[in-house]
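Undergrad: What would the 3D arrangement of this be:
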Amino acid sequence: MSRPPGRYSVPAASATATTVAGFVRIPGRATAHRADALHSDRGLPDRPLPCVGDTQAGLCDAVDTADAVRDGELDLSFVIDYSDAPMPWDAGLERAVIAVERLHAAVPAGAVPTGSASLLDLAEHPWILAGPKSHFSRAVRAACHRHGFEPKIDHEVEEQPTAMAMVRAGLGVTLVSDLGLGLRPPGLDVVALTTPLLRTVSIAYRTTSKLRPALRLVVEAVRDAAAALGLGTEPALP
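TA: The predicted model follows:
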């Protein structure tokens, strides 16, 4: 089921001796597509909840939705921290880590024959990135600066599948997360970065809320979905 951007109340589970009754207000957009599946006897989804990866900017506008959590308009929000661009954190919020992902280079077929590359190796290629307001784009630009170059951005696109389709067409290179790899089309190469770039996906909730039972069920469900995709919560090793 697809829903437009917005905010939704999601039933965490029905009330029985072994379940918890309650509603959790979540941000709309990609998170809402499968949230209605939180109805099993353990409060876990029948199919994986999406964590992130549908766009280069992330699932949603993390700063805006984190502010809504702080203000009490939402019960939780997905937030993303990149190793080169951590989010500023509000003392009134706690976070539960869901997954740690690596970023990989998506390049035209045959462009990097060695199978691995540093960011500096990609400096002469045209880049395909989201606009400068995107948290993802800022993180990639910061990583490129740390490696001593300014990426030559020929195309600005927000959607990761679109960016990878443009890579396949030979229009440039981009970076893609572990989860984003599931959206890659055939006909492009995915190259490991010799210096890992990581991003951490977390759920933010108010410090005063702690992890009340309904919220804890949602966190556990999303963690289970991430684990089923092979994603852990510990930083990846080089």
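
Undergrad: mind checking pLDDT for Leu211?
TA: You'll see Leu211 listed with a pLDDT of 68.

Undergrad: Over to Asp36?
TA: For Asp36, the model assigns a pLDDT of 32.

Undergrad: Same question for the one 3 residues further on.
TA: The predicted local distance difference test score for His39 is 32.

Undergrad: For Ala221, grab the count of nearby residues.
TA: Applying other Cβ atoms under 10 Å, we find 23 residues neighbouring Ala221. Where you see a C-beta, it was placed from the backbone N, CA and C, and this is true even at glycine.

Undergrad: list the buried ones in the helix or strand hosting it?
TA: Taking DSSP states H and E as the definition, one finds Ala221 inside helix 213-228. Buried positions in helix 213-228, judged by neighbour count with 16 or more other Cβ atoms under 10 Å: Ala214, Leu215, Arg216, Leu217, Val218, Val219, Ala221, Val222, Arg223, Ala225, Ala226.

Undergrad: nearest to Val190, of those residues?
TA: Of all the buried residues of helix 213-228, the one with the least separation from Val190 (Cβ to Cβ) is Ala226, at 19.8 Å.

Undergrad: Verify the stated contact: the closest one with Ile203.
TA: No: using Cβ atoms under 8 Å as the test, Ala226 is too far from Ile203 to be in contact (10.8 Å).

Undergrad: intersection of neighbour lists for these two?
TA: Taking Cβ atoms under 8 Å, 6 or more residues apart in numbering as the contact definition, Ala226 and Ile203 share the neighbouring residues Ile98.

Undergrad: As a check, name the ranges of all helices in the chain.
TA: For the chain, the helices defined by DSSP state H occupy 62-70, 135-146, 160-168, 213-228.

Undergrad: Can I get these in a markdown table including distance to Leu179?
TA: As requested, the helices of the chain are exported to a markdown table (distance: least, Cβ to Cβ, whole Å):
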| stretch | distance to Leu179 |
| --- | --- |
| helix 62-70 | 15 |
| helix 135-146 | 12 |
| helix 160-168 | 9 |
| helix 213-228 | 9 |
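
Undergrad: Many thanks, have a good one.
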